[in-house]
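Asks: Next comes the sequence, and after it the predicted model I'd like to discuss.
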Amino acid sequence: MVNNGYSLSVVCLGIYFFLVGWLGSSISLLTTLKDVRRVIVVAFLFMISFPLGYLLCDWGSEQFIVKYDAVFSAMQFLLSADRSHLISGDDLRMRFFIMHFGLLLLIFMTQAPVYMAFSSSVNQKTPN
C-alpha cells in the first residue's frame, strides 16, 4: 500500500469496500421494495460507483512496484493476465469495471434470497 499502509490509502480502500458492500445490499433490497425514487437513487449510485471505485482503488494501492525487472502498479499486477504482458490505460480500467461488477453481482446473489424470503414472510403475515 501507499505510504506503508497509512492514512489515505487505508481510508480509500476502506471506503471502496464499504461502497461495494452497501451498493450490493441496496441492489438486493430493491428486489423487495418497489419505491421508484429509491430505484433511481441506487441506479445513479451504481453508475457512479464504477469510476469512483477505480479512483479509490487507484489512490489506495501502490503506484510503483519494482519487481521482475519492471515497474508496474498494484492494480496492473492484480488485473493483468501475466507479468510479461502488463496492461494499462483503458484495458486496465475495463478489467477493473468487470471485477467491480462481479463483486456487486456476488453480493447481490448472496443477499437477494434472504430479502426475498423475508419479503414473502412479511407479505403473508400482513392482513389485506
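Replies: Done, it's in.

Asks: Give the rounded mean pLDDT of stretch 64-77.
Replies: Taken as a whole, stretch 64-77 has an average pLDDT of 73.

Asks: contacts for stretch 33-40?
Replies: Contacts to stretch 33-40, defined as C-beta atoms under 8 Å, 6 or more residues apart in numbering, come from residues residue 30. Any C-beta I mention is one placed from the backbone N, CA and C, and that applies to glycine too.

Asks: any idea which element residue 12 lies in?
Replies: When elements are assigned from DSSP states H and E, residue 12 belongs to helix 8-29.

Asks: can you pull the buried residues of the very next helix or strand once past that helix?
Replies: In the C-terminal direction, the helix or strand that comes right after helix 8-29 (DSSP H and E) is helix 36-60. Using 16 or more other C-beta atoms under 10 Å as the burial criterion, the residues of helix 36-60 that qualify are 42, 49, 53-54, 56-60.

Asks: Following helix 36-60 in sequence, what is the next regular element?
Replies: Using DSSP H and E, the helix or strand that follows helix 36-60 towards the C-terminus is strand 65-67.
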